[in-house]
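Colleague: Got a sequence here, can you model it:
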Amino acid sequence: MTALTTNLSLSFQGFSLQVSDSIKLDGITALFGPSGAGKTTLLRIIAGLEDSSIGHLALGDEVWQDNERGIFVPPYERRIGYVFQDGRLFSHLSVEKNLIFSRKRAREQPKSAQLIETEEVIESLELQSLLPRNPDSLSGGERQRVAMGRALLHSPQVLLLDEPLSALDLRRKAEIIPYIERLAADFRIPVLYVTHNVEEVARLARTMVLLADGRIAAMGGTAEVLERVELWSLTGRLEAGAILQAKVGMTKSGMTSLNVEGESLRIPAIDAPPETLVRLRVQAKEVALSTQRPQRLSIRNVLSTTILRIDVDETVFAEILLDVGGQHLRSRVTREAVEELELEEGQRIFALIKSVSFEGRLLS
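Modeller: Residues are numbered from 1 along each chain as shown. Predicted coordinates for the structure are as follows:
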């Protein structure tokens, strides 16, 4: 695990960024927050593209910036792979020559740097058929795959992705997300992924950093941060809920069975073999509650749970935190329902899940 140590500040045009934390980079870490929170600004500081920032920045034992000691390592010496929103490929070069250019730059790195092989990148990102083409002839998703390949061939210590899906339609996003999922696992490089889309966070990130108004508001495991009620004004109340880990069972009649801590869920068939660990997202608004196991109901997923906490944070609704064998669910119901059902902490309750989002396989 790599630690990014920060004690940084930057002010311009009425905006102030102040970050002083050690960010542990393991797999894919999401840098999440609303527009204007300072996500891209922080990413640019890490990359060395904002030389007006003040403070200290280090990746592991390598100090990249320390104003008191007069240290500022330029971007080309930081061994960082940076993927911009628009890819920024060289339009006058073919895909293959774009990759070759990055490989030449990587060979200028210190001899201790572990070079990533070109063939490995081409295979992982399925770029072989794109090599002779010009970037202008590629779809948005294809350009981003090439941009990721070019960044990887720089043999970086960390990969920075700045909202790489923001310019893509839903179809292109669905095409490229599996490639992003594999980046950290295939190449053993930590990824810092900027986004303001909570669905991308739930699908891709093992951990997340929540940024608001130029400050870190929360940091930790993705599931833990997204379920915190006091942060829902930042993470999105309608999107709020929980992330569950499940084990794939049998697929039959177009439905796949999943095991969640001994409880069974059924979702539309997914392409994953039995025993595969997968990640699911369940929004709080999609979870109803019953004090008895319901019979003859169209809702297929009913889990036996225990109420851990009841949070009343406004005049109409209450947020119920539920335990499922050590994992958590959230349910958003009216205060009136809480009173009529006489809900209390420690009570056994049945959670009726109206819909589940499959977020992908759990990758090591």
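Colleague: where along the stretch 201-350 of the chain do the strands fall?
Modeller: Counting by DSSP state E, counting those that start in this stretch, the stretch 201-350 of the chain has these strands, from start to end: 207-212, 215-221, 241-252, 255-260, 263-268, 277-283, 287-290, 301-311, 317-324, 327-334, 348-353.
Colleague: Run a quick check on residue 152 versus residue 158, I expect a contact.
Modeller: No - if you go by Cβ atoms under 8 Å, residue 152 and residue 158 don't touch, sitting 11.6 Å apart. Every C-beta, even on glycine, is put in place using the N, C-alpha and C of the backbone.
Colleague: what sits in contact with each of the two?
Modeller: The contact sets of residue 152 and residue 158 overlap at 81, 189 (Cβ atoms under 8 Å, 6 or more residues apart in numbering).
Colleague: circling back to that earlier point, nearest to residue 60, out of the strands of the stretch 201-350 of the chain?
Modeller: Closest approach to residue 60 among those is made by strand 207-212 (16.9 Å; Cβ to Cβ).
Colleague: In its sheet, which strands sit next to the closest one, and in what direction?
Modeller: Applying DSSP bridges, strand 207-212 is found paired with strand 28-32 (parallel), strand 215-221 (antiparallel).
Colleague: tell me which residues of that strand are tucked away?
Modeller: By neighbour count on 16 or more other Cβ atoms under 10 Å, the buried set for strand 207-212 is 207-212.
Colleague: Over to stretch 64-83?
Modeller: 64-65, 73, 78-83.
Colleague: Show only the entries of those residues found in strands.
Modeller: The members of those that map onto strands under DSSP state E are 64-65, 80-83.
Colleague: got CSV for the buried residues of stretch 64-83, with distance to residue 176 and pLDDT too?
Modeller: Shown next, in CSV, are those (distance: Cβ to Cβ, whole Å; pLDDT from 0 to 100):
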residue, distance to residue 176, pLDDT
64, 29, 96
65, 32, 96
73, 31, 94
78, 25, 91
79, 24, 90
80, 21, 93
81, 16, 93
82, 17, 93
83, 11, 93
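Colleague: which helices and strands does the helix or strand bottoming out on mean pLDDT in the chain pack with?
Modeller: Every helix and strand in the chain was compared by mean pLDDT, DSSP states H and E; the lowest is helix 232-235, with a mean of 73. Other elements packing on helix 232-235 under the criterion 3 or more Cβ pairs under 8 Å, 6 or more residues apart in numbering; DSSP states H and E are strand 207-212.
Colleague: neighbouring contacts of the strand it packs on?
Modeller: So strand 207-212 is contacted by 21, 23-24, 26-27, 29-34, 37-39, 42, 201, 216-222, 225-226, 231, 234-235 (Cβ under 8 Å, 6+ apart).
Colleague: Filter the residues you listed down to the buried ones.
Modeller: 23, 27, 29-33, 37-39, 42, 201, 216-219, 222, 225-226, 231, 234-235.
Colleague: Across the sheet, point out what pairs with the nearest residue to residue 285 once chain neighbours are set aside.
Modeller: Leaving aside its sequence neighbours, residue 285 sits nearest to residue 332 (Cβ to Cβ, 6 or more residues apart in numbering; 5.2 Å). Using DSSP bridges, the bridge partners assigned to residue 332 are residue 319.
Colleague: I figured residue 332 was touching residue 321, is that so?
Modeller: No - judged on Cβ under 8 Å, residue 332 makes no contact with residue 321 at a distance of 10.9 Å.
Colleague: neighbour-wise, which of residue 152 and residue 158 wins?
Modeller: Higher neighbour count among residue 152 and residue 158: residue 152, with 26 against 21, using other Cβ atoms under 10 Å.
Colleague: Distance of that one relative to residue 168?
Modeller: 19 Å (Cβ to Cβ, to the nearest Å).
Colleague: what ranges of the stretch 251-364 of the chain fall below the confidence cut-off?
Modeller: Counting by pLDDT under 70, the stretch 251-364 of the chain shows low-confidence ranges at 313-314, 361-364.
Colleague: got a list of what residue 256 touches?
Modeller: 248-250, 266-270, 272.
Colleague: need the ones in strands among the buried residues of stretch 64-83 in JSON lines with distance to residue 328, can you?
Modeller: Below are these laid out as JSON lines (distance: Cβ to Cβ, whole Å):
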{"residue": "64", "distance to residue 328": "37"}
{"residue": "65", "distance to residue 328": "38"}
{"residue": "80", "distance to residue 328": "35"}
{"residue": "81", "distance to residue 328": "34"}
{"residue": "82", "distance to residue 328": "35"}
{"residue": "83", "distance to residue 328": "33"}
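Colleague: among those, which two are most distant?
Modeller: Top of the distance list for these (Cβ to Cβ): 65 and 83, 21.6 Å.
Colleague: got the phi/psi numbers for residue 139?
Modeller: phi -70, psi 170 (degrees, to the nearest 10).
Colleague: How many residues are close by residue 199?
Modeller: Using other Cβ under 10 Å, the number of residues around residue 199 comes to 16.
Colleague: Please tell me how far it sits from residue 243.
Modeller: With Cβ to Cβ as the criterion, residue 199 and residue 243 are 11 Å apart.
Colleague: which neighbours do the two share?
Modeller: Between them, residue 199 and residue 243 share these contacting residues under Cβ under 8 Å, 6+ apart: 281, 359.
Colleague: Where does the record place the domain boundaries for the protein?
Modeller: Following automatic domain parsing, one finds the domains of the chain at 2-226, 241-361.
Colleague: Tell me the gap between the longest one and the middle of its chain.
Modeller: Same thing as domain 2-226. 12 Å (Cα atoms, centre = their mean, to the nearest Å).
Colleague: Stretch 303-315 too?
Modeller: The answer for stretch 303-315 is 26 Å, by Cα atoms, centre = their mean.
Colleague: re the thing from before, from the buried residues of stretch 64-83, pick the one nearest residue 123.
Modeller: Distances from residue 123 to the buried residues of stretch 64-83, taken by Cβ to Cβ, are shortest for residue 81, at 17.6 Å.
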